[in-house]
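S.K.: When you get a sec, could you give me coordinates for this:
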Amino acid sequence: MSEDKIKTTDPRLRSKLRFYHRKKITITFFILTGICIFLMGRLTHFMIFCSEHYAEAARELHERERSIKAARGRILDRNGAVLADNRTVCSVSVIYYQIENPEEVIRFLSRELSLPEEEIRKKVQKRSSMERIKSNVDKETGDRIRERNLAGVKVDEDYKRYYPYGDLASKVLGFTGSDNQGILGLEVKYDSYLQGSKGKILTMTDAKGIEVEREGERRMEPIAGKDLVTSLDVNVQSYASQLAKQALKTKEARGVCIIVMNAKNGELIGMVNEPEFDLNAPYELCEDDFIGMEGKSEQDVLNAKWRNACINDTYEPGSTFKIITAAAGLEEGVVSTGSSFYCPGYVVVDDRRIRCHKIAGHGSQDFTHAVMNSCNPAFVTLGLRIGAERYFHYFDVFGLRKKTGIDLPGEAGTIMHKLENVGNVELATISFGQSFQITPIQLLVTAAAIVNGGTRVTPHFGVKVLDPGTGEETSFSYPVEDGIISQETSETMRYVLEKVVSEGGGKNGAVTGFRIGGKTATSQTLPRGTGQYISSFLAFAPAEDPEVIAIAIINRPKGTYYGGQIAAPILRQLYENILSYLGIMSYTSQEE
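M.R.: Sure thing, here's the model as predicted:
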């Protein structure tokens with residue numbers, strides 16, 4: 001018998017082995033029992049306390065989600081006229097795993113949606129949870145497709161932006177893309193208010209992605225966007241647009257801009273940029289759109305077509321800028337209404353001979369008549385008296401070297417010399433509105449501050465937003481800077497500019513029964529020597545207490561190009577039709 005066999009037959013050894021195995025079994029039992037208790041506890045926790053969470057997770061795993069677009073908020077004018085609205089359209093989609101007769105679906109959708117069969121076939125045969133065939137389908141077509149009840153074809157209601165007035169204020173309102181997000185103008189500036197919140201349609205599916213009919217659908221309704229109330233007035237905008245179209249045609253101009261603003265609070269009542277474009281078809285181009293755009297891509301042509309010259313483009317303002325020079329001179333105390341100037345028809349600055357528009361000269365004249373005559377030599381003299389450093393100080397005080405803050409995207413800034421680069425010649429040309437560039441809106445806002453008592457306002461369209469669901473209103477506020485010039489200077493400028501219209505170069509802008517102040521301008525386009533000009537007229541009413549201020553600019557007119565002859569009559573006709581409408585009383589009515 002071996003030694004091992006002997007050892008295992010030893011009673012004491014066998015007893016120890018039994019005890020050892022019993023201990024191992026006991027420990028293993030308790031470990032396994034503990035694990036079972038732990039697992040039972042966790043299972044109980046999941047089943048009782050976490051059941052809702054995991055049920056929701058399972059539901060989400062098997063639910064197919066289709067978004068429902070929210071109705072975009074409307075854009076309204078100051079009187080409640082709807083400028084931008086929504087039309088109900090449809091989106092047509094297919095679900096691969098639910099389609100029973102692919103060829104029938106392809107043929108039917110191709111016929112109804114006017115799409116090539118091959119294009120639809122690629123989407124029908126694509127193994128995806130859902131494939132969009134076409135958006136912005138008119139409601140009648142969508143209803144016909146829904147009524148056919150083809151398996152795997154889904155028709156969801158959607159919204160498409162609609163502009164009742166077509167091209168009216170197109171470069172102000174802007175438009176939206178296929179996803180209903182703002183792309184241009186007020187549509188993009190106030191997109192966060194207008195957009196609303198999307199809803200959802202949730203459908204239960206099995207493992208193959210086929211809808212479980214007995215489960216039905218769950219809907220999470222969208223929240224409509226807020227309505228935007230603007231300061232724009234449809235009637236003022238329409239009439240200004242008619243005048244601009246007429247000037248564009250008769251003068252064969254490159255473009256015509258008109259801005260009408262409340263001189264006291266900066267509310268923009270009208271802004272015209274002719275040629276405008278149809279907001280309901282913003283991507284359509286015609287032959288005229290390609291004039292002057294040879295060699296440019298289609299996108300470049302579209303960008304030029306959508307461009308808002310009132311805020312996006314700068315130009316040399318010419319004599320309308322003399323309003324700023326005159327105000328700076330009065331504030332600085334280097335000129336008064338009784339100051340005398342002599343104009344022989346030119347002025348020599350360093351080695352440069354600068355002509356007056358009147359070759360024979362204006363002779364001896366006081367400051368008021370220098371403004372009435374729009375005399376370049378007088379303003380050159382005034383600019384040199386002020387000096388470059390102080391002149392630039394007034395640029396900053398008047399806000400000319402910063403943007404106006406208008407609530408439209410893409411505002412351009414003033415293009416001005418650096419102070420250290422301004423010599424006598426540069427200062428001389430700046431004083432009558434040349435050798436730098438400014439936007440029309442910047443010029444209008446600065447002129448408004450000079451004649452309204454010294455308050456620089458922020459030009460804006462947005463007045464408030466309305467929640468159609470709750471009726472809650474949220475009004476907007478805008479920065480205002482008071483005291484940029486003294487009341488005395490402002491009063492003097494109103495008096496002098498009224499003389500320009502009643503007796504000077506702005507006579508064609510006079511309106512019977514109303515006191516009008518203003519300034520004309522005729523400036524050359526860049527580069528010079530092309531024989532092309534920009535004609536403009538800036539005017540405010542009533543002259544004694546301005547409530548409305550406007551500017552009309554004609555870009556590259558043919559034939560007669562003087563601002564006093566072709567731009568002033570535009571604002572005269574505009575004011576003849578809108579002043580009484582806006583509640584501005586004529587002085588004859590006040591006397592009665």
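
S.K.: burial count for Gln181?
M.R.: 13 (other CB atoms under 10 Å). C-beta: built from backbone N, CA, C; applies to glycine.

S.K.: residues near the residue lying closest to it once chain neighbours are set aside, how many?
M.R.: Spatial nearest neighbour of Gln181, excluding adjacent residues (CB to CB, 6 or more residues apart in numbering): Asp191 at 6.2 Å. Neighbour count of Asp191, defined by other CB under 10 Å: 18.

S.K.: Give me the pLDDT for Asp191.
M.R.: Asp191 is assigned a pLDDT of 96 by the prediction.

S.K.: what's the distance between it and Gly185?
M.R.: According to CB to CB, to the nearest Å, Asp191 stands 10 Å off from Gly185.

S.K.: I'd say the residue nearest to Gln181 and Gly182 touch.
M.R.: Yes: Asp191 is in contact with Gly182 according to CB atoms under 8 Å; the separation is 3.9 Å.

S.K.: could you measure the residue nearest the centre of the chain against Asn555, distance?
M.R.: With distances taken as CA atoms, centre = their mean, Gly185 lies nearest the centre of the chain, 2.3 Å away. Shown here: Gly185 relative to Asn555, a distance of 20 Å by CB to CB.

S.K.: now Ala281
M.R.: On the measure of CB to CB, Ala281 and Asn555 end up 25 Å apart.

S.K.: Which one's more surrounded, the two?
M.R.: Of the pair Ala281 and Asn555, Asn555 is the one with more neighbours under other CB under 10 Å, namely 21 against 12.

S.K.: the bottom helix or strand of the protein by mean pLDDT?
M.R.: Taking mean pLDDT, DSSP states H and E as the measure, the chain has helix 3-8 as its least confident helix or strand, at a mean of 48.

S.K.: Quick check: next helix or strand after it?
M.R.: Next helix or strand after helix 3-8 toward the C-terminus (DSSP states H and E): helix 11-44.

S.K.: That next one packs against which elements?
M.R.: helix 3-8 (3 or more CB pairs under 8 Å, 6 or more residues apart in numbering; DSSP states H and E).

S.K.: Alpha carbons of stretch 83-99, as CSV, please.
M.R.: This file holds the C-alpha atoms of stretch 83-99, laid out as CSV (Å, rounded to 0.1, in the frame of the first residue of the first chain):
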residue,chain,number,x,y,z
LEU,A,83,-46.3,92.1,-44.4
ALA,A,84,-45.2,88.5,-43.9
ASP,A,85,-47.5,85.5,-43.3
ASN,A,86,-47.6,81.7,-43.6
ARG,A,87,-49.3,79.4,-46.1
THR,A,88,-50.1,75.8,-45.3
VAL,A,89,-48.0,73.4,-47.4
CYS,A,90,-47.0,69.7,-47.1
SER,A,91,-43.9,67.6,-46.9
VAL,A,92,-44.0,64.2,-48.6
SER,A,93,-41.8,61.4,-47.3
VAL,A,94,-41.4,57.6,-47.7
ILE,A,95,-40.5,54.8,-45.2
TYR,A,96,-38.6,52.0,-46.9
TYR,A,97,-39.8,49.1,-44.7
GLN,A,98,-43.5,50.0,-45.0
ILE,A,99,-43.7,50.3,-48.8
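
S.K.: Only the buried residues of that stretch, if you could.
M.R.: Neighbour counts using 16 or more other CB atoms under 10 Å place 83-86, 89-96, 98-99 of stretch 83-99 among the buried residues.

S.K.: Over to stretch 536-546?
M.R.: With burial defined by 16+ other CB under 10 Å, the residues of stretch 536-546 counted as buried are Ser536, Phe537, Leu538, Ala539, Phe540, Ala541, Pro542, Ala543, Pro546.

S.K.: Give me the distance between the last one and Ala240.
M.R.: Taken as CB to CB, the spacing of Pro546 relative to Ala240 amounts to 18 Å.

S.K.: now the fifth one
M.R.: Shown here: Phe540 relative to Ala240, a distance of 16 Å by CB to CB.

S.K.: Name all residues that make contact with Ile570.
M.R.: For Ile570, the contact set (CB atoms under 8 Å, 6 or more residues apart in numbering) comprises Leu243, Ala244, Ala247, Ile258, Phe537, Ala552, Ile554.

S.K.: Got phi/psi on the first one?
M.R.: Which is Leu243. With angles defined as degrees, to the nearest 10, Leu243 sits at phi -60, psi -40.

S.K.: Based on its surroundings, how many neighbours for it?
M.R.: 21.

S.K.: That one reaches Ile258, doesn't it?
M.R.: Yes: using CB under 8 Å, Leu243 is in contact with Ile258, at 6.9 Å.

S.K.: so what sits against both of these two?
M.R.: Jointly contacting Leu243 and Ile258 under the rule CB under 8 Å, 6+ apart are Ala552, Ile570, Leu574.

S.K.: Keep only those of those residues that are in helices.
M.R.: Here DSSP state H is the test, and the shared contacts of Leu243 and Ile258 give Ile570, Leu574 as lying in helices.

S.K.: And the shared contacts of Leu243 and Ile258, which is closest to Asn265?
M.R.: Leu574 (19.8 Å; CB to CB).

S.K.: May I have stretch 410-424 exported as PDB, CA atoms only?
M.R.: The C-alpha trace of stretch 410-424 is given here as PDB (Å, rounded to 0.1, in the frame of the first residue of the first chain):
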ATOM      1  CA  GLY A 410     -24.700  94.000 -42.700                       C
ATOM      2  CA  GLU A 411     -24.500  97.700 -41.800                       C
ATOM      3  CA  ALA A 412     -21.300  99.200 -43.300                       C
ATOM      4  CA  GLY A 413     -19.200 101.700 -41.400                       C
ATOM      5  CA  THR A 414     -17.900 105.100 -42.500                       C
ATOM      6  CA  ILE A 415     -14.700 105.000 -44.600                       C
ATOM      7  CA  MET A 416     -12.700 108.000 -43.300                       C
ATOM      8  CA  HIS A 417      -9.100 109.200 -43.500                       C
ATOM      9  CA  LYS A 418      -6.900 108.600 -40.400                       C
ATOM     10  CA  LEU A 419      -6.400 111.900 -38.600                       C
ATOM     11  CA  GLU A 420      -2.600 111.800 -39.100                       C
ATOM     12  CA  ASN A 421      -3.100 111.500 -42.900                       C
ATOM     13  CA  VAL A 422      -5.400 114.600 -43.100                       C
ATOM     14  CA  GLY A 423      -3.700 117.600 -44.600                       C
ATOM     15  CA  ASN A 424      -5.200 120.900 -45.800                       C
END
